[in-house]
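Novice: Using only what follows, build the 3D model:
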Amino acid sequence: MQVIGIRQRLLAVGDKDFVCIVTYPADNGPGTTLVFSGINDNDEERNSSIMTTWPVPGSESAVVQEEGKPGSFWEDRGDRFHCGVDIYAPAMSEVLACENGEVIDVGIATSPELVSYWDTTRYVLIKTRSNLYCRYAELSDVFVHIGDRVLEGQVIGHIGTVIRPHLVDGCSPVYVQRLKLEGHISMLHFEVYRLRPGYMRLYIGGNWFGSGRPEGLLDPGPYLRNAVHGIEKC
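Specialist: Numbering: from 1, shown residues only. Now for the predicted structure:
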């Protein structure tokens with residue numbers, strides 16, 4: 001069985017159930033400890049791992065941006081912080097579910113009605129088998145609905161074009177100007193939470209306009225790097 005996290009400890013594994021502890025490190029203190037448990041009720045579930053699939057097979061690279069780099073988790077963008085990681089890929093590239101789970105929300109991620117240089121994109125929020133909440137955002141379309149059960153590797157949508165470059169100018173945020181110059185106008189924005197994210201007044205378009213992090217928000221790096229390791233083993 002493959003489990004996610006930086007420090008991880010498997011407590012029990014059997015034909016019927018498993019329990020594992022994963023600890024996410026913190027800048028100060030002991031970090032956040034999550035306990036995942038599940039029941040293996042059929043052969044497919046029994047042989048599945050918590051996370052093995054990179055969400056964008058057509059991405060420019062299967063690399064999670066390092067801390068402080070453009071598109072990285074909690075990147076300081078001046079007046080806002082980045083709530084996930086960006087995976088750059090051509091528009092209309094397939095987006096796959098990283099893990100088995102249930103769709104609990106679908107909605108609008110970005111819209112020109114909110115910010116003029118944005119295009120309309122969508123998001124899918126999935127509660128995973130490992131009891132995390134993964135938001136797949138900045139999609140051009142979605143193939144799933146609230147209440148659907150999804151399987152690891154299932155196509156849930158396509159990469160969308162987030163930025164309308166002809167509307168980006170010198171008054172736009174610096175990070176948006178940089179994305180235009182680099183040609184990174186289409187991407188998957190990926191977030192991970194240990195609690196179901198609800199309405200967040202200071203959240204817009206994958207960014208947080210506050211000082212402290214939203215409740216339950218986790219660095220997606222450990223989760224996604226596990227998928228990278230799975231690719232490297234193939």
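
Novice: and the helix or strand in which residue 158 is found, C-alpha only, in PDB?
Specialist: In the assignment (DSSP states H and E), residue 158 maps to strand 155-161. Extracted in PDB, the C-alpha atoms of strand 155-161 (Å, rounded to 0.1, in the frame of the first residue of the first chain):
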ATOM      1  CA  VAL A 155     -11.300  11.900 -16.800                       C
ATOM      2  CA  ILE A 156     -13.200  14.600 -14.900                       C
ATOM      3  CA  GLY A 157     -12.700  17.500 -17.300                       C
ATOM      4  CA  HIS A 158     -10.200  19.400 -19.500                       C
ATOM      5  CA  ILE A 159      -7.700  22.100 -18.800                       C
ATOM      6  CA  GLY A 160      -9.100  25.600 -19.400                       C
ATOM      7  CA  THR A 161      -7.600  28.900 -20.600                       C
END
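
Novice: which of the residues in that strand are buried?
Specialist: 156, 157, 158, 159, 160, 161 (16 or more other Cβ atoms under 10 Å). Where C-beta positions appear, they are placed from N, C-alpha and C, glycine not excepted.

Novice: Residue 70 - how many residues pack around it?
Specialist: Using other Cβ atoms under 10 Å, residue 70 has 15 neighbouring residues.

Novice: If you drop the residues flanking it in sequence, what lies closest to residue 213?
Specialist: residue 74 (7.2 Å; Cβ to Cβ, 6 or more residues apart in numbering).

Novice: How about residues contacting the strand holding residue 158?
Specialist: With Cβ atoms under 8 Å, 6 or more residues apart in numbering as the test, strand 155-161 has contacts from 56, 58, 89-97, 103, 109, 119-122, 124, 126, 136, 138-144, 150, 185-188.

Novice: just to confirm, which helix or strand has the residue nearest the centre of the chain in it?
Specialist: Nearest residue to the geometric centre of the chain (Cα atoms, centre = their mean): residue 190, 2.3 Å. Here residue 190 sits within strand 186-193, counting by DSSP H and E.

Novice: Could you name the helices and strands sitting against that strand?
Specialist: strand 85-88, strand 133-142, strand 155-161, strand 217-218 (3 or more Cβ pairs under 8 Å, 6 or more residues apart in numbering; DSSP states H and E).

Novice: Understood, closing this out.
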